[in-house]
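# no FASTA, just this:
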């Protein structure tokens, strides 16, 4: 897909709907629906947000990815998951007590989620991200 096609209102709308469906399925612990949204080769990239050293973990495949997303996005006391722009694209912001604890961006391929980018402790990046 060309970069111009990625900027069209139709693509932005599809991404926004997919992010909303991802949030809904994960927060309600609907593993079946969540797996339907994920590409067979999906990857979840988690950046621990530690400035002193790089701490990046990658989870591959819809089974492991869906379990990680359910754990991260399911409803818990004091946790809020909001659909908000992340890096100028539809995304999710996880907050606890009004403080962002994770920013999540989503890449699509053929209408399925291909990569989920998770940045823990996104507060230091506020200038670079629309959180």
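Done, it's in. All of these numbers come straight from a predicted model, not from anything done at the bench.
# which residues does the one residue sitting closest to the centre of the chain contact?
Central residue check for the chain by C-alpha atoms, centre = their mean: the C-alpha nearest the mean position is that of residue 104, 3.4 Å away. Counting by C-beta atoms under 8 Å, 6 or more residues apart in numbering, residue 104 touches 72, 86, 91-94, 116-119. Glycine gets a C-beta too; all of them are placed from N, C-alpha and C.
# skipping adjacent residues, who's closest to residue 112 in space?
Leaving aside its sequence neighbours, residue 112 sits nearest to residue 39 (C-beta to C-beta, 6 or more residues apart in numbering; 4.0 Å).
# tell me the buried residues in the helix or strand where the residue nearest to the centre of the chain lies?
Here residue 104 sits within strand 99-109, counting by DSSP states H and E. Residues of strand 99-109 classed as buried by neighbour count (16 or more other C-beta atoms under 10 Å): 100-108.
# and which of these is nearest residue 48?
Ranked by distance to residue 48 (C-beta to C-beta), the buried residues of strand 99-109 are led by residue 102 at 10.4 Å.
# if I pick the closest residue to residue 48 other than its chain neighbours, what's in contact with it?
Take residue 48 and drop its neighbours on the chain: the residue closest to it by C-beta to C-beta, 6+ apart is residue 55, 3.5 Å away. The contact partners of residue 55, by C-beta under 8 Å, 6+ apart, come to 47-49.
# try 10 Å this time
Contact partners of residue 55, counting by C-beta atoms under 10 Å, 6 or more residues apart in numbering, are 46-49, 120.
# can you tell me how far it is from residue 27?
Distance of residue 55 to residue 27, given as C-beta to C-beta, to the nearest Å: 25 Å.
# which phi and psi values does residue 68 adopt?
Note on residue 68: backbone dihedrals following degrees, to the nearest 10 are phi -60, psi -40.
# if I look at it, what pLDDT would I see?
On the pLDDT scale, residue 68 is placed at 94.
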